[in-house]
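Asks: have a look; sequence and predicted model below, questions after that.
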Amino acid sequence: MNLDEYKNLIKSKMSEHRFVHSVNVSKEARKLAKIYGADAEKAAIAGILHDITKEMPVEEQLKIITDSGIILDNVQKNAPKLWHGISGSIYIKENLDINDADILNAIRYHTTGRAGMSLLEKIIFVADFTSQERTYKGVSTMRKKSRKTLDEAMLYGFKFTFSDLSKRELAIHPDELACYNEIVLSNISLKGNNK
């Protein structure tokens, strides 16, 4: 399937708002891929498909996850908002025959991030935060940072996410913390090497 076929497919699976978001993430992912030297077509495909199961009932998402043999950890069990990344990556592998590990991981970790992210994974994570229809306070700063370095944009995104989760007394997934720590520590060592 090509990008237009994927676009038509997801249109039937989600609300107009979610569809517009997915199209915008795909466009933003393509732009970021061109800036950072990633495969623009893969970025556009991962972007268009990243929320494919987001509006699926949580019971169906959970069934997709458990049927695939994935066991949710404690934080995931209590955060159904995290399920669509996992269920989406399984869904596109099983139903769309997409076996590209980079696309699968970009979709799986687009909400939490993780340590050791590939360039494509970082692009989808950032594109989801910076897509054209986003209007949250700080989005223009996030967009500017995304043009400087993906790591800088991700750190800014994590600050936003951690602040929101802690205000609502919700758990922060270990993958998010691992990704944040990896970026912070690598930036410290880079700064240290420039002295």
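Replies: Now that the structure is in, tell me what you want to look at.
Asks: all contacts plus neighbour counts: C-alpha atoms, from now on.
Replies: OK.
Asks: so is the most centrally placed residue in the chain in a helix, a strand, or just coil?
Replies: In the chain, the residue lying closest to the centroid (Cα atoms, centre = their mean) is residue 110, at 1.6 Å. Counting by DSSP: H, G, I helix; E, B strand; the rest coil, the backbone at residue 110 sits in coil.
Asks: need the contact partners of stretch 64-81.
Replies: The contact list for stretch 64-81, computed with Cα atoms under 8 Å, 6 or more residues apart in numbering, reads 58, 82, 83, 86, 87, 90, 91, 171, 172, 173.
Asks: closest one of these to residue 9?
Replies: Closest approach between the contacts of stretch 64-81 and residue 9, by Cα to Cα: residue 91, at 12.8 Å.
Asks: hang on, the earlier thing: ok, so of the contacts of stretch 64-81, who is nearest residue 100?
Replies: residue 90 (11.8 Å).
Asks: most neighbours out of the contacts of stretch 64-81, which is it?
Replies: When neighbours are counted as other Cα atoms under 10 Å, the busiest of the contacts of stretch 64-81 turns out to be residue 87, with 28 neighbours.
Asks: name the helices or strands packed onto the strand or helix carrying it?
Replies: Using DSSP states H and E, the element containing residue 87 is helix 83-95. With contacts taken as 3 or more Cα pairs under 8 Å, 6 or more residues apart in numbering; DSSP states H and E, helix 83-95 sits against helix 58-67, helix 101-108.
Asks: kindly present the ones you listed as TSV, with separate columns for mean pLDDT and distance to residue 46.
Replies: As requested, those are exported to TSV (pLDDT from 0 to 100; distance: least, Cα to Cα, whole Å):
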stretch	mean pLDDT	distance to residue 46
helix 58-67	97	19
helix 101-108	98	6
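Asks: tell me the most buried of those helices?
Replies: Mean neighbours per residue, mean count of other Cα atoms under 10 Å, is largest over the helices and strands packed on helix 83-95 for helix 101-108, with a mean of 22.
Asks: residue 134: which of the contacts of stretch 64-81 is nearest?
Replies: residue 82 (19.3 Å).
Asks: please enumerate the helices of the chain.
Replies: 3-11, 16-36, 40-49, 58-67, 74-77, 83-95, 101-108, 119-130, 139-148, 150-167, 174-193 (DSSP state H).
Asks: distance from the chain centre to the shortest one, please.
Replies: What that stands for is helix 74-77. 18 Å (Cα atoms, centre = their mean, to the nearest Å).
Asks: likewise for the second one?
Replies: Helix 16-36 has its average C-alpha position 11 Å from the chain's average C-alpha position, going by Cα atoms, centre = their mean.
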